[in-house]
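**Q** show me how the following folds:
(one chain, ligands or ions: 2)
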Amino acid sequence: MDFNTVFDYEDVQLIPNLGILESRSQADTSVKLGRYTFKLPVVPANMQTVIDEPLARHLAVNGYFYVMHRFEPAKRLDFVKNMQSDQLIASISVGIKPEEYQFIDDLKSAGLVPEFITVDVAHGHAAPVIDMVKYIKKTLPDSFVIAGNLATPEAVRDLENAGADATKVGVGPGKACITKLKTGFGTGGWQLAALRLCAKAAKKPIITDGGIRHNGDIAKSIRFGATMCMIGSLFAGHDETPGEVVEMNGDKFKMYFGSASQFQKGEYKHVEGKKLLVPYRGSVDTTLREMKEDLQSSISYAGGRELADLKRVDYVIVKNSISNGDSY
Ligand SMILES: NC(=O)C1=CN([C@@H]2O[C@H](COP(=O)(O)OP(=O)(O)OC[C@H]3O[C@@H](n4cnc5c(N)ncnc54)[C@H](OP(=O)(O)O)[C@@H]3O)[C@@H](O)[C@H]2O)C=CC1
Ligand SMILES: Nc1nc2c(ncn2[C@@H]2O[C@H](COP(=O)(O)O)[C@@H](O)[C@H]2O)c(=O)[nH]1
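**A** Ligands and ions are numbered 1, 2, ... in the order given. Down below sits the predicted model:
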């Protein structure tokens, strides 16, 4: 394993192949996760300024994957019940504290089996996370369990062996993250290379989490082994996302804060996240449509018809030279 050859999204360009499509609209961006097929390999982060119940419902109704956050724990049981009563998938998050075991028991007692459960902890390669994954798989074996967050191939193997149906890779690359500064650890600055290393070890799907700044980074993530991309900051600025709207010098922004920030925790203890403003971006449907169109273009450049065709393209590493000062 070569931890010394590292790169990130902005260091990589994918190389085009002979195109075979008459129109980019023929490119299929759908993705299968567990027993379900979703329109895009993209999921808004399970953070309180990114997703809430109405947005979760909107995404589920329209065929997109979602993961509800775990920061209003008392609402989760009714959330599962309400979604499933409306024939929608229930996808929730849990932590690892003792009361979370009680919550899993409560779901079981109520006869509720969420389609997806994400075990959401900063350092997922840890005995308590392995224990929680095992407990969920024993208690609710039909729930698809996503375990994270991880940074190494060993972590992926250990969590898969514990029973996780998918793993989530990314410790420290997030826009609201200060883990790399406060602890010295993580995949910040080399998330794409960490994804590649983890994907080589994985036997089950990987969700890459954090560090996506442009739609083209989704195609790059697929190329380097992701099945799905979890995205926070690019989603936080929409009408439908929960963060507060802030106006400054005539421009509109929305509040985005880390799940391990003081604002989330309500106290300054083990803080590994910050609060920032992200540009207001209008309707989330417009962004989802643009993500789809850009990914369809990516598939056409790959010379393919579907997401899997991205996995075979060649690439070059052009350290620090892609952006070239350009932005849009
Ligand atoms: N993807 C990322 O890079 C990161 C994401 N986050 C997000 O922030 C939120 C809060 O995260 P997190 O701090 O895990 O959640 P919690 O504060 O809920 O911690 C979960 C439990 O694990 C324990 N714990 C936490 N970190 C460690 C560790 N490094 N070693 C041993 N035990 C630990 C905590 O105990 P105690 O507090 O007593 O240690 C607590 O009991 C999550 O949503 C997470 O995804 C946070 C940081 C990085
Ligand atoms: N280190 C921290 N990471 C955090 C925190 N809150 C969330 N996150 C992670 O970031 C991604 C989103 O990243 P983005 O680059 O798309 O904005 C999210 O899914 C979490 O994994 C935090 O407080 N500290």
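**Q** mind listing the strands for the stretch 151-300 of the chain?
**A** Assigned by DSSP state E, counting those that start in this stretch, the stretch 151-300 of the chain shows strands spanning 166-169, 206-209, 228-231, 245-248, 251-257, 275-279.
**Q** who touches the first one?
**A** Contacts of strand 166-169 with the rest of the structure, by C-beta atoms under 8 Å, 6 or more residues apart in numbering, involve 33-34, 118, 124, 144-151, 155-156, 159-160, 187, 191, 194-195, 198, 202, 204-209, 226-228, 230. For the C-beta atoms, the positions are set from N, CA and C on the backbone; glycine is no exception.
**Q** do that again at 6 Å, thanks
**A** Residues outside strand 166-169 that contact it (C-beta atoms under 6 Å, 6 or more residues apart in numbering): 146-150, 156, 159, 195, 198, 204-209.
**Q** V145 falls within a strand, correct?
**A** Yes: counting by DSSP: H, G, I helix; E, B strand; the rest coil, V145 is part of a strand.
**Q** from N46, how far out is it?
**A** For V145, the distance to N46 equals 14 Å [C-beta to C-beta, to the nearest Å].
**Q** same question for L150.
**A** Taking C-beta to C-beta, one finds L150 at 15 Å from N46.
**Q** of those two, which one has the most company?
**A** More crowded of L150 and N46, by other C-beta atoms under 10 Å: L150, with 29 against 26.
**Q** quick check: bridge partners of that one?
**A** Assessed by DSSP bridges, L150 has beta-bridge partners V169.
**Q** again with I117
**A** I92, V145.
**Q** I'd say it and F144 touch.
**A** No: with contact defined as C-beta atoms under 6 Å, I117 and F144 do not form a contacting pair (7.4 Å).
**Q** tell me the confidence at the closest residue to ligand 1 within the stretch 51-200 of the chain?
**A** When scored by C-beta to the nearest ligand atom, the stretch 51-200 of the chain has A122 as its residue closest to ligand 1, at 3.3 Å. Looking at A122, its pLDDT is 97.
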